[in-house]
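[1] Fold the following and give me the result.
(4 chains)
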Number of protein chains: 2
Amino acid sequence: MTKDTVRDKIVDAAKKRFSHFGYGKTTMAEIATDCAMSPGNLYRFFPGKLDIAEAIASLDYEDHLEHLRKIALAPNKTAPDRLRDLLFAELRRTYHKLEKDPRVLEMATQIGHERPQFINWMLANERKIIVELMEEAERRGEMLPPGDKEEMAEMIQSATMKFRYPQLWSKLTLPKLERELDGVLNLMFEGLCPQRAAEREQERRKIAAHAAA
Amino acid sequence: MTKDTVRDKIVDAAKKRFSHFGYGKTTMAEIATDCAMSPGNLYRFFPGKLDIAEAIASLDYEDHLEHLRKIALAPNKTAPDRLRDLLFAELRRTYHKLEKDPRVLEMATQIGHERPQFINWMLANERKIIVELMEEAERRGEMLPPGDKEEMAEMIQSATMKFRYPQLWSKLTLPKLERELDGVLNLMFEGLCPQRAAEREQERRKIAAHAAA
DNA sequence: AGATTGAACACTTTATTGATTGTTCAGAAA
DNA sequence: TTTCTGAACAATCAATAAAGTGTTCAATCT
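    Numbering: from 1, shown residues only, chains lettered A, B, ... in the order given. Next up, the predicted model:
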């Protein structure tokens, strides 16, 4: 049996235990027994228990990333719509994942606390997708604000922090969070830009006048 | 001695103890002794220990609010500049307050955890100031985006959440936080609005052409 | 009467103990 | 040699007891 398949076996056994009994209540000895090996041998494949959890999270996250990438590059949608869909997808995923299963939340907080670099890695990945989204928009000839795309992605993340791990920061329900995210996105797209707002206002009046006539 | 001056005396004694030994290490008996009264008597003036802490925080916060209001209504500044100053002032104040004194942080987290409504009250106050800022801008004839001002203030708060109690959410240094807040504000003012961005781009080229000639 | 006390109570925090468990590594097995 | 084991170790966790504290209220004082 190759080294990678052993790793997979360990990850698989751990995933079952973690999701059934929780991270804290699962012992290395149990994982080892499930794989028909000694506890010591686990350490030839993983530096420690938390690294197994990280591997599990990583695998799950890769799927999520692929999903996000599809949203970011969706055809027949404008860049703002795609960014909207992207951020909403992230909010909903994390909300539901943490909502329905306290054991997932346990693992998430554990990793987030002891491995902040893992969180950074996830954020960096999502930033890359936002950059790809913008580059795709450029390729399609959509109008884009000038400036460094990487930095712009960083700022978008900053402004939407509250919606990334919602239940760690507030106890708002999903509908309220969605309403707020929508509002923040409107701000970013057109909110505090008086010139643009004035144009919209003019347009609105024109439409109103036309309707009255 | 009137009831209010007794309250003040209690708050004063508690403030000294809290800032010197910390909230947790101060007992009601000690505060009572400092005021030359029995522990039980404290409860004729405050419902509980945490309410004394809240009174202290409240007093300090009123000063802060007044400061913010001055910034929000500063003459000779455009609305965007005033909003910028406002949010930067908030970031710097909380950062420094929590940075220099772990005992303040202890009290803050305590109140934040057991009295979420107090936090909401503070947020509502600051929102009111943002609304006042906008109304003042309108009065001065500045161009403003249409829409409900109260809601707009709420969204501005959402987008700048990360900068409100910085060290509870990240371990970024003040300069990094300032840079990020600046970036987020740019986003809100003109960032993801392609039309506006295009205008700026045109302007930039005009200037460049002029410089080349 | 109203204001104040301080002992009593319930609750939380801290200290201590013992059991559990992540991790290591000298040696056995292949 | 390389792979693996499992007893040993150190660190952590759970349970318990002990001490301390926020809060209450019948009794006391003014």
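[2] What score does the residue in chain A positioned nearest to DNA strand D have for pLDDT?
    Closest approach between chain A and DNA strand D, counting by CB to the nearest atom of the strand: residue A:40, at 1.6 Å. For glycine as for every other residue, the C-beta is placed from the backbone atoms N, C-alpha and C. As predicted, residue A:40 sits at a pLDDT of 97.
[3] Kindly tell me how buried it is, as a neighbour count.
    The number of residues packed near residue A:40 is 9, by other CB atoms under 10 Å in any protein chain shown.
[4] That one: which element?
    Residue A:40 belongs to helix A:39-42 when assigned by DSSP states H and E.
[5] do the helix or strand following that helix and DNA strand C meet?
    Later in the chain than helix A:39-42, the nearest helix or strand by DSSP H and E is helix A:49-72. Yes: interface with DNA strand C: helix A:49-72 contributes A:49, A:50 (CB under 7 Å from any atom of the strand).
[6] and the gap between the residue nearest to residue A:32 when sequence neighbours are not counted and residue B:105?
    Excluding the flanking residues, the one nearest residue A:32 by CB to CB, 6 or more residues apart in numbering or on different chains is residue A:39, at 4.4 Å. In this view, residue A:39 and residue B:105 are 40 Å apart by CB to CB, to the nearest Å.
[7] out of those two, which sits in the busier spot?
    More neighbours surround residue B:105 than the other of residue A:39 and residue B:105, with 17 against 13 (other CB under 10 Å).
[8] To which secondary structure element is the most centrally placed residue in chain A assigned?
    With distances taken as CA atoms, centre = their mean, the residue of chain A nearest its centroid is residue A:90 (4.4 Å). Assessed by DSSP H and E, residue A:90 sits inside helix A:79-100.
[9] Provide the contact partners of that helix at residue level.
    Helix A:79-100 has contacts (CB atoms under 8 Å, 6 or more residues apart in numbering or on different chains) with A:64, A:67-68, A:71-74, A:77, A:104-105, A:108, A:126, A:129-130, A:133-134, A:136-137, A:142, A:144, A:156, A:160, A:163-167, A:174, A:177-178, A:181, A:185, A:189, B:192.
[10] Low-confidence stretches in chain A?
    A:1, A:191-213 (pLDDT under 70).
[11] Quick one: name the residues of it near DNA strand C.
    A:25, A:26, A:27, A:28, A:29, A:39, A:40, A:43, A:48, A:49, A:50.
[12] what's the closest of those to residue B:20?
    residue A:50 (39.6 Å; CB to CB).
[13] circling back: export the residues of chain A next to DNA strand C to TSV and append columns for distance to residue B:35.
    Converted to TSV, these look like this (distance: CB to CB, whole Å):
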residue	distance to residue B:35
A:25	49
A:26	53
A:27	54
A:28	56
A:29	58
A:39	60
A:40	63
A:43	60
A:48	53
A:49	53
A:50	50
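[14] of the residues you listed, buried ones?
    Buried by 16 or more other CB atoms under 10 Å in any protein chain shown: A:26, A:28, A:49, A:50, out of the residues of chain A next to DNA strand C.
[15] Give me the distance between the residue nearest to the centre of chain A and residue A:149.
    Residue A:90 sits 19 Å away from residue A:149, going by CB to CB.
[16] Could you do residue A:3 as well?
    Residue A:3 is 39 Å from residue A:149, by CB to CB.
[17] And the helices in chain A, which stretches?
    With helices called from DSSP state H, chain A shows them at A:3-21, A:28-34, A:39-42, A:49-72, A:79-100, A:102-114, A:116-139, A:149-159, A:166-169, A:174-186, A:194-212.
[18] Can you tell me which of those is packed in deepest?
    helix A:149-159 (a mean of 21; mean count of other CB atoms under 10 Å in any protein chain shown).
[19] Residue A:134 against residue A:149, yeah?
    Yes: if you go by CB atoms under 8 Å, residue A:134 and residue A:149 touch, sitting 4.9 Å apart.
[20] quick one: contacts of stretch A:26-34?
    A:10, A:13, A:14, A:16, A:17, A:18, A:38, A:39, A:41, A:42, A:49, A:52.
[21] Including distance to residue B:85, could the helices of chain A go into TSV?
    TSV is the format used below for the helices of chain A (distance: least, CB to CB, whole Å):
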stretch	distance to residue B:85
helix A:3-21	49
helix A:28-34	55
helix A:39-42	56
helix A:49-72	36
helix A:79-100	29
helix A:102-114	34
helix A:116-139	29
helix A:149-159	19
helix A:166-169	26
helix A:174-186	21
helix A:194-212	18
